[in-house]
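1. Got a predicted structure plus its sequence, pasted below:
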There are 2 protein chains.
Amino acid sequence: MTDVKQKSEVSPELLEAADKLHSAAIHLLRRLRVRDRESGIGPAQLSALSVLVFGGPRSLSELADAEQVRPPTMSRIVSGLTAAGLVKRQSTEDGRRVRLVATAKGKKILWEGRKRRVESLAKALAALGETERGRLGELAELLPEIVRKI
Amino acid sequence: MTDVKQKSEVSPELLEAADKLHSAAIHLLRRLRVRDRESGIGPAQLSALSVLVFGGPRSLSELADAEQVRPPTMSRIVSGLTAAGLVKRQSTEDGRRVRLVATAKGKKILWEGRKRRVESLAKALAALGETERGRLGELAELLPEIVRKI
DNA sequence: AAGATTTAGTTAGCATAGCTAACTATATTC
DNA sequence: GAATATAGTTAGCTATGCTAACTAAATCTT
């Protein structure tokens, strides 16, 4: 099934897979955005907050790196989050650095959003066959693996 | 990590899977966006163009539906595409409707973008083990299936 | 057939989010 | 102590989401 291609010639299967992944990612986010909008917080803010809640406090540059955006972009995202009382800027020994920490309110909002996403996804999964559902776990592992390597 | 009480009947595995899919979708698009920007066309325009190229001509409302976006949003996306000479608006018997068709230039740009995405993805896949690579096909099939049902 | 309603698409105005360039403030290096 | 490097912000552009309100064309009602 998988013959190892050295280079140049990309198999039609791979081409197909790349397009499906790309398209699926776009539409997955569009659907989930509907639910996420209930939190009253944009997708970029939600994703950044998620890093702080699940990954712990970090500096602005580190957060920008984690989110694959430039510092000015993250600066504005964080401004929105602090204005909404979801994140706090703390000063550090290094006067240039800030330490970004999710507030209790931020954690609450994030967990609620996570719950909504799971509800939406659970509905989708209920409509899948048993076999497909069984695969979900390993696929959920595989996808971040792929992303990490792009 | 923070242990939060949850009343949800959803299994932790499902919760985990939902978050991984969500996060992976966000970061997949962020990485691919770097390559897609080489086309000089935004992600929404690229995705809409893709529908027209692979799915054939259709009306603005149909395209908006396919892209899970409101008509005014799609109207502006199409304006950008026509201004760039990638899509043509054709009139129909029904004077209200427009028929949107990808131009030759539009098709060319899209195929080039597809090629760039595959290059990026191929590099990621090359770093995966054989087993994981074998699962890619399943993932590419299952993911759109899930998305369709959200 | 005339008027009312529905449908397709656009325009206007607002918000979020991406970028680069240029700036400020603090640390570090020479 | 001066020059340089680093962290973050501000300013200004573009793209993309939305709702509300509009125009034009088709359809339905009477």
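-> On my side now, so go ahead.
2. Tell me the spacing between the residue nearest in space to the middle of chain A and chain B.
-> Nearest to the centroid of the C-alpha atoms of chain A, with distances taken as C-alpha atoms, centre = their mean, sits A:Ser47, at 5.1 Å. Applying C-beta to the nearest C-beta, to the nearest Å, one obtains 5 Å for the distance of A:Ser47 from chain B. Where C-beta positions appear, they are placed from N, C-alpha and C, glycine not excepted.
3. Identify the residues contacting that residue.
-> The neighbourhood of A:Ser47, defined by C-beta atoms under 8 Å, 6 or more residues apart in numbering or on different chains, consists of A:Glu67, B:Ser23, B:Ile26.
4. sec struct for A:Asp94, please.
-> coil (DSSP: H, G, I helix; E, B strand; the rest coil).
5. Any idea how many residues pack against it?
-> Taking other C-beta atoms under 10 Å in any protein chain shown as the neighbour definition, A:Asp94 ends up with a count of 9.
6. Same question for A:Lys105.
-> Other residues within reach of A:Lys105 by the criterion other C-beta under 10 Å amount to 12.
7. Packing partners of the strand or helix carrying it?
-> A:Lys105 is part of helix A:104-126 when elements are defined by DSSP states H and E. Applying 3 or more C-beta pairs under 8 Å, 6 or more residues apart in numbering or on different chains; DSSP states H and E, one finds that helix A:104-126 contacts helix A:12-36, helix A:43-55, helix B:12-36, helix B:130-149.
8. Stretch A:108-124 and DNA strand C in contact?
-> No: if you take C-beta under 7 Å from any atom of the strand as the test, stretch A:108-124 misses DNA strand C, and the best it gets is 11.9 Å.
9. Enumerate residues external to that stretch that contact any of its residues.
-> Under the contact criterion C-beta under 8 Å, 6+ apart, stretch A:108-124 has outside partners A:31-32, A:35-36, A:38-39, A:41, A:46, A:49-50, A:53, A:86, A:102, B:4, B:6, B:8, B:10, B:14-15, B:17-19, B:21-22, B:146-147, B:149-150.
10. Which among those residues count as buried?
-> The neighbour-count criterion (16 or more other C-beta atoms under 10 Å in any protein chain shown) marks A:31-32, A:35-36, A:39, A:41, A:46, A:49-50, A:53, A:86, A:102, B:14-15, B:17-19, B:21-22, B:146-147, B:150 among the contacts of stretch A:108-124 as buried.
11. neighbouring contacts of stretch A:73-87?
-> For stretch A:73-87, the external contacting residues (C-beta under 8 Å, 6+ apart) are A:41-42, A:44-45, A:48-49, A:52, A:60-61, A:63-64, A:67, A:69, A:88-89, A:100-103, A:105-106, A:109.
12. Mind checking the helices and strands packed on helix A:104-126 for the one nearest to DNA strand C?
-> The closest approach between DNA strand C and any of those, judged by C-beta to the nearest atom of the strand, belongs to helix A:43-55 at 3.1 Å.
13. Need the CA coordinates for the closest one. CSV is fine.
-> The C-alpha trace of helix A:43-55 is given here as CSV (Å, rounded to 0.1, in the frame of the first residue of the first chain):
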residue,chain,number,x,y,z
PRO,A,43,-11.0,31.8,17.6
ALA,A,44,-7.4,33.2,17.9
GLN,A,45,-8.1,34.4,21.5
LEU,A,46,-9.6,31.0,22.4
SER,A,47,-6.7,29.1,21.0
ALA,A,48,-4.2,31.3,22.8
LEU,A,49,-6.1,31.0,26.0
SER,A,50,-6.1,27.3,25.6
VAL,A,51,-2.3,27.2,25.5
LEU,A,52,-2.2,29.2,28.8
VAL,A,53,-4.8,27.1,30.5
PHE,A,54,-3.5,23.7,29.5
GLY,A,55,0.2,24.5,29.0
